[in-house]
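Student: Predicted model follows, preceded by the sequence.
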Amino acid sequence: MKIISIANRKGGVGKTTTTVNIATALSAVDKRVLVIDFDPQGNATTSMGLSKKKEQYSSYDVLVGNCLAQAAVLKTELPRFDIIPSSPDLAAAEIELVDVENREYVLQNALKKLSERYDYILIDCPPSLNLITINALVASTSVIVPLQCEFLALEGLADLMKNINAIKRNFNPDLKLQGIVLTMYSRQNNLSKMIEADVRKYFGDKVYQTVIPRSVRIAEAPSFGKPILIYDFKCAGAQAYIALAKEFLKREKEL
């Protein structure tokens, strides 16, 4: 089982879209996938057409010990694609974990009993480096960083890499950078090309060759509770995520 965090300290860069569409593509090639919605906003949950009901268990309950991880798993409409939904209560989890011993390892310990059930667990992280994100990175074997093609995103990437290296030194020496995904890319925009050139210069083959275009259809899909691969399979955004999933699987074989 591989556990992969999709993380960036900046919001609105395509973390959730990348998470649910890679998961959809993996499930389509017979991989058993679990998405953990680890963002209090719960966008991955609603992107799969699920509501955030108070009576159901969530990633918050798993983190604070209200239930076992398997008790919080929900089926989606897609075969082999399960999800642990989020809850607004997750925003308070950091305070509740302050006095917990080895609080950085809570999620890692909670996921151990799921190791036989899934090929991949993808964690959709919140847009900040708090104890929730630290738990996700400590539990993960690797991290994927979606990067919006704008100047300020580069500064955030440098900070995030420092954070990932700090997690490796202090908590999880096996954590690897799986790859950087360039999102919201515009081929008509010189800035996108400049950002791409800079990122590829510094990170080399860690940057996926596939870039995700800026797309109205990608932006629409969550409001219909569907990944773009289901909402509009033929659009450029969906085709880009299919190409990204193929590249992801190729890298997995190489690793």
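Tutor: Everything's here; your move.
Student: Show me the contact partners of the helix or strand encompassing residue 240.
Tutor: Element membership for residue 240, per DSSP states H and E: helix 236-254. Contacting residues not belonging to helix 236-254 are listed as 2, 18, 21-22, 25-26, 29, 178-179, 181, 208-213, 215, 217-218, 228-229, 231-232 [CB atoms under 8 Å, 6 or more residues apart in numbering]. (Each C-beta comes from the backbone N, C-alpha and C, glycine too.)
Student: could you pull out the helices for the stretch 101-250 of the chain?
Tutor: 106-111, 131-139, 151-170, 190-203, 216-220, 228-231, 236-254 (DSSP state H, counting those that start in this stretch).
Student: Name the strands paired with the longest strand along the chain and say parallel or antiparallel.
Tutor: When the chain is scanned for its longest strand (criterion: DSSP state E), the result is strand 176-185. Partner strands for strand 176-185, per DSSP bridges, with pairing direction: strand 142-148 (parallel), strand 207-213 (parallel).
Student: ok, now which ones touch residue 151?
Tutor: The neighbourhood of residue 151, defined by CB under 8 Å, 6+ apart, consists of 191, 195.
Student: Point to the helix or strand of the chain where mean pLDDT is at its lowest.
Tutor: helix 151-170 (a mean of 86; mean pLDDT, DSSP states H and E).
Student: Please find the angle between the direction vectors of that helix and helix 190-203.
Tutor: 20 degrees (axes from the mean of the first three to the mean of the last three CA atoms, to 10 degrees).
Student: Can you list the low-confidence ranges for the stretch 1-150 of the chain?
Tutor: Confidence mapping of the stretch 1-150 of the chain against pLDDT under 70 gives the ranges 54-55.
Student: Sketch out the strands for it, chain order is fine.
Tutor: With strands called from DSSP state E, counting those that start in this stretch, the stretch 1-150 of the chain shows them at 2-6, 33-37, 74-75, 81-84, 120-124, 142-148.
Student: For residue 191, find the nearest of those.
Tutor: Checking the strands of the stretch 1-150 of the chain against residue 191 by CB to CB gives strand 142-148 as the closest, at 10.8 Å.
Student: Residues touching that closest one, excluding its own?
Tutor: The set of residues external to strand 142-148 that reach it, using CB under 8 Å, 6+ apart, is 2, 4-8, 10, 12-15, 17-18, 22, 137, 153-154, 157, 160, 164, 175-184, 195, 199, 212.
Student: ok, now stretch 22-29?
Tutor: Residues from elsewhere that reach stretch 22-29 (CB under 8 Å, 6+ apart): 6, 33, 35, 78-81, 119-120, 122, 144, 227, 229-230, 241-242, 244-246, 248-249.
Student: Of those residues, which count as buried by neighbour count?
Tutor: 6, 33, 35, 78, 80-81, 120, 122, 144, 227, 229-230, 241-242, 244-245, 248 (16 or more other CB atoms under 10 Å).
Student: From residue 154, how far off is the closest residue to residue 14 other than its chain neighbours?
Tutor: Distances taken as CB to CB, 6 or more residues apart in numbering put residue 183 closest to residue 14, at 3.7 Å, once the chain neighbours are dropped. Distance, residue 183 to residue 154, by CB to CB, to the nearest Å: 13 Å.
Student: So for the two, which sits in the more crowded spot?
Tutor: It is residue 183, of residue 183 and residue 154, that has more neighbours when counted by other CB atoms under 10 Å, with 26 against 16.
Student: on that earlier part again, name whatever forms a beta bridge with the residue nearest to residue 14.
Tutor: Beta-bridge pairing of residue 183 under DSSP bridges involves residue 148.
Student: mind checking how far residue 132 is from residue 139?
Tutor: Between residue 132 and residue 139 the distance is 11 Å, computed by CB to CB.
Student: any idea of the angle the helix holding residue 240 forms with strand 2-6?
Tutor: Our comparison of helix 236-254 with strand 2-6, counting by the same axes, to 10 degrees, yields an angle of 140 degrees.
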